[in-house]
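Novice: Build me a model:
(chains A and B)
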Amino acid sequence: MTEVLTGPRVARLALRRRRGGRQGSHVVAHVILATGAVLMAFPFVWQLIMSLSTNAEVQSVVPTFWPSELRWQNYATVFERLPFFSQLGTSVWITVIRTLAQIILCTAAGYAFARMRFRGRFLLMGLALSILMVPSQAYLISQYQIVQGLGWLNTVAGIVAPGLFSAFGTFLMRTAFLNMPNELEEAARLDGASPIRIFWTVMLPLARPSINVLAITAALWSWNELLWPLLVSTYQDQMPLSAGLATLVSDKNNTDYPVIMAASMLAMAPILLLFIVLQRRVIDGLAHSGLK
Amino acid sequence: MTTVVGARPRRADRGSGRVAPGSGRGVRAGGEAAARRRDGAWPWLFVGPLMLGIAVFYLWPIIQTLYYSFTEWGVFGGTTWIGGANYTRMITDPDLLSSLGNTVLYTAIVLLGVPIAVGLASLLNLPGLRFAAVYRVLYFLPYVAMPTAVAMVWRMIFNGDHGILNWVLGLVGIDGPYWISTPGWAITAVAIVGLWSSLGFSMIVLAAGLKAIPDELYEAAQLDGASRWRQFRSITVPLLAPSIVFVSIVTVIGSFQLFDLLYAIMGASNPALPKSMSLVYWFYQAGFVDNEKGYAAAIAMLIFVLIGVVTLIQVRLQRKWVSND
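Specialist: The predicted model follows:
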């Protein structure tokens, strides 16, 4: 790695050397990281290529790395053959509803658990915590019955109902509120503000970073979730995209691979675009979800 | 797959057991000072809606499922108490061993991603590394992608006749198997996808843990003439241990709840499916395909106990490992 060393560059290299003598290894690091990155990104690229190919090209024994012609009409076919827009609509709906509900319910409860005193506080916290330890499948049979009993099968209400409430989110928000200084709250109280006003105008703005993490996890999970929507919706045009795609493949007769690829690309696109726009926040937020 | 955790979820479906996080910075004690006051009816307004939902959709179901695991379901509804019959049937069911074995195999392969992630994260944290942000995004992309959608392309990659993987293997003279229609290979293929989709999450959590290790330690070690490998072993690994443990626990809990990827990659009509089920798939099969909900409830209880035991073992190991070093 021969480089012309200019002033600031020398300073930076000196700094690197001081911080552990790791200069010079960057070529190796880049080779390893880039190889890995190519492997990680390859399936997405391959999916895009296949979505623009013909069925024969997709199924040729020697892979077609570039289709003879880019067949954008495969994407048009998705809209003709599948209730794509209604599935997209369901996905958007359930994601928005559950994300908003989790933000409202979890911040409110997390705030009360962190900063209010009331009888039964520890009992309620213990109960909420206990559901974190149980794998989600354990609830499914009974949740299904409840939703069925309410007449909510095949409705948006049925898909979203259990996911409106999150113990994970509640404890995430509780920790956030526990870590906040007391002075602002006291000052607002002395000014005669009601608890709900203090919560809304003083505490919520301070909790923004944690609310972001909550919103990201809720939205990601909601958009991508498969098993529950698959259980409670039986009609293709009322399913979210995840379940719709899964039923598309379990249909043995459907072997129009380029169209399946195009549909998958379209199903992933909204959340991937959102991620690319918000990448810094998403990655930083989730990275610190692991630190105590 | 329920609320508890978000992001897969990847992913996994990121199972329910994720550890409640917190930022750990800032002043504590705020809560305690506030706690000395009574707030009247206000708290109930704040926690009421959430607790009502949790009671209806989580607490009640868990009690009910425990009850159901001792019952048999009639064809037209209605349940009969049959004692422990579901549990004795479960123990002799060959599906128990195969789905448990598949789940453990899947988990083991996905766990291989943790050491890989440690290595990649330390490369990513090299001071002054260019394009670090680009790498982070590329590695993280699979974690946010919908499992059902990426499953579609992986099916094609693994295809025995015209998949690109077998074509590449053919270039080096290996005759690749029919990945997703051969028992054994199928779960391996799904695990490779599981590793691929969880690697980015492990990596960024570990990278954040690495950032928290003070530079002075490395400087001191270097003055003492410690090699870089030695520094990695004696400083990085022990100080990163809490993050490594966290990532491993999340990975194991998520892996034990394998369903989405398996379902979407294999497809319901796959002939290899009966021998490739995971525990959760077995539960789904029993409860919602074969419609034996009492039996499925017993399987759910087994999964619950297994995840509890495995998590406990990991926490114990962590204490031993972290304190010995």
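
Novice: Would you mark the buried spots in stretch A:62-78?
Specialist: The neighbour-count criterion (16 or more other C-beta atoms under 10 Å in any protein chain shown) identifies A:63-64, A:67, A:71, A:74-75, A:78 as the buried residues of stretch A:62-78. For the C-beta atoms, the positions are set from N, CA and C on the backbone; glycine is no exception.

Novice: Same question for stretch B:237-252.
Specialist: Residues of stretch B:237-252 classed as buried under the neighbour-count rule (16+ other C-beta under 10 Å) are B:239-252.

Novice: from those residues, which are also near chain A?
Specialist: Contacts with chain A within the buried residues of stretch B:237-252, as defined by C-beta under 8 Å from any C-beta of the partner chain: B:242-243, B:246-247, B:250.

Novice: Output the below-cut-off pLDDT ranges for the stretch 151-292 of chain A.
Specialist: For the stretch 151-292 of chain A, applying pLDDT under 70 flags the ranges A:249-254, A:289-292.

Novice: Helices along that one, start to end?
Specialist: Secondary structure of the stretch 151-292 of chain A (DSSP state H, counting those that start in this stretch): helices located at A:156-160, A:167-178, A:183-190, A:195-197, A:204-206, A:208-224, A:227-232, A:241-250, A:257-287.

Novice: Output the ones you listed in CSV; the columns should cover mean neighbour count and distance to residue B:158.
Specialist: Shown next, in CSV, are the helices of the stretch 151-292 of chain A (neighbours: other C-beta atoms under 10 Å in any protein chain shown; distance: least, C-beta to C-beta, whole Å):
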stretch, mean neighbour count, distance to residue B:158
helix A:156-160, 21, 30
helix A:167-178, 27, 33
helix A:183-190, 14, 56
helix A:195-197, 16, 55
helix A:204-206, 14, 47
helix A:208-224, 24, 21
helix A:227-232, 24, 22
helix A:241-250, 23, 13
helix A:257-287, 20, 13
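
Novice: any chance of the ones you listed in TSV, plus distance to residue A:96?
Specialist: Below are these laid out as TSV (distance: least, C-beta to C-beta, whole Å):
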stretch	distance to residue A:96
helix A:156-160	10
helix A:167-178	16
helix A:183-190	31
helix A:195-197	24
helix A:204-206	19
helix A:208-224	8
helix A:227-232	15
helix A:241-250	14
helix A:257-287	12
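
Novice: Mind putting those helices into CSV with distance to chain B?
Specialist: Shown next, in CSV, are these (distance: least, C-beta to the nearest C-beta, whole Å):
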stretch, distance to chain B
helix A:156-160, 10
helix A:167-178, 3
helix A:183-190, 7
helix A:195-197, 4
helix A:204-206, 10
helix A:208-224, 3
helix A:227-232, 5
helix A:241-250, 4
helix A:257-287, 4
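
Novice: CA atoms only for the host helix or strand of residue A:148, dumped as PDB, please.
Specialist: With elements taken from DSSP states H and E, the one containing residue A:148 is helix A:137-149. Taking Å, rounded to 0.1, in the frame of the first residue of the first chain, the C-alpha atoms of helix A:137-149 are listed here in PDB:
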ATOM      1  CA  GLN A 137     -45.900 -20.100  19.900                       C
ATOM      2  CA  ALA A 138     -47.200 -21.000  23.300                       C
ATOM      3  CA  TYR A 139     -49.800 -18.300  22.900                       C
ATOM      4  CA  LEU A 140     -51.000 -19.100  19.400                       C
ATOM      5  CA  ILE A 141     -53.700 -21.600  19.900                       C
ATOM      6  CA  SER A 142     -55.500 -19.500  22.500                       C
ATOM      7  CA  GLN A 143     -54.900 -16.200  20.700                       C
ATOM      8  CA  TYR A 144     -56.500 -17.800  17.600                       C
ATOM      9  CA  GLN A 145     -59.500 -18.900  19.600                       C
ATOM     10  CA  ILE A 146     -59.900 -15.400  21.100                       C
ATOM     11  CA  VAL A 147     -59.700 -13.800  17.700                       C
ATOM     12  CA  GLN A 148     -62.100 -16.300  16.300                       C
ATOM     13  CA  GLY A 149     -64.500 -15.800  19.200                       C
END
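
Novice: Just the buried residues of it, please?
Specialist: Neighbour-count burial for helix A:137-149 flags A:137-144, A:146-147 (criterion: 16+ other C-beta under 10 Å).

Novice: do stretch B:287-302 as well
Specialist: Judged by neighbour count (16+ other C-beta under 10 Å), stretch B:287-302 contains these buried residues: B:287-288, B:292-302.

Novice: do it and chain A meet at all?
Specialist: Yes. Taking C-beta under 8 Å from any C-beta as the criterion, stretch B:287-302 and chain A are in contact, through B:287-288, B:293, B:296-297, B:300-301.

Novice: what comes into contact with that stretch?
Specialist: The set of residues external to stretch B:287-302 that reach it, using C-beta atoms under 8 Å, 6 or more residues apart in numbering or on different chains, is A:135, A:137-138, A:140-141, A:231, B:65-66, B:68-73, B:79, B:82, B:86-87, B:89-90, B:279, B:282-284, B:286.

Novice: Run the chain-centre distance for stretch B:276-291.
Specialist: Distance of stretch B:276-291 from its chain centroid, counting by C-alpha atoms, centre = their mean, to the nearest Å, is 18 Å.

Novice: before we move on, back to that, now, which of the buried residues of stretch B:237-252 lie within helices?
Specialist: B:239-252 (DSSP state H).

Novice: Quickly name whichever of those residues is closest to residue B:112.
Specialist: Using C-beta to C-beta, residue B:251 is the member of those that lies nearest residue B:112, at 10.0 Å.

Novice: Would you confirm that the closest one contacts residue B:112?
Specialist: No. Taking contact to mean C-beta atoms under 8 Å, the distance of 10.0 Å between residue B:251 and residue B:112 leaves them out of contact.

Novice: Please enumerate the shared neighbours of the two.
Specialist: Residues touching both residue B:251 and residue B:112 (C-beta under 8 Å, 6+ apart): there are none.

Novice: what's the neighbour count on residue B:273?
Specialist: Summarising burial for residue B:273: neighbours were counted as other C-beta atoms under 10 Å in any protein chain shown, giving 19.

Novice: distance of the closest residue to it other than its chain neighbours from residue B:274?
Specialist: In space, residue B:273 comes closest to residue B:266 once its chain neighbours are excluded; the distance is 5.5 Å by C-beta to C-beta, 6 or more residues apart in numbering or on different chains. For residue B:266, the distance to residue B:274 under the criterion C-beta to C-beta, to the nearest Å works out to 11 Å.

Novice: Over to residue A:106?
Specialist: From residue A:106 over to residue B:274 (counting by C-beta to C-beta), the distance is 40 Å.

Novice: Compare those two and say which one has the larger neighbour count.
Specialist: Each of residue A:106 and residue B:274 has its neighbours counted (other C-beta under 10 Å); residue A:106 has more, 27 against 14.

Novice: Wait, that one touches residue A:163, no?
Specialist: No. Under the criterion of C-beta under 8 Å, residue A:106 is not in contact with residue A:163, lying 11.9 Å apart.

Novice: sorry, back to before: distance to residue A:271 for the ones in helices among the buried residues of stretch B:237-252 - can I get that in TSV?
Specialist: Written out in TSV, the entries for those read as follows (distance: C-beta to C-beta, whole Å):
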residue	distance to residue A:271
B:239	34
B:240	30
B:241	33
B:242	30
B:243	26
B:244	28
B:245	29
B:246	25
B:247	23
B:248	27
B:249	26
B:250	20
B:251	22
B:252	26
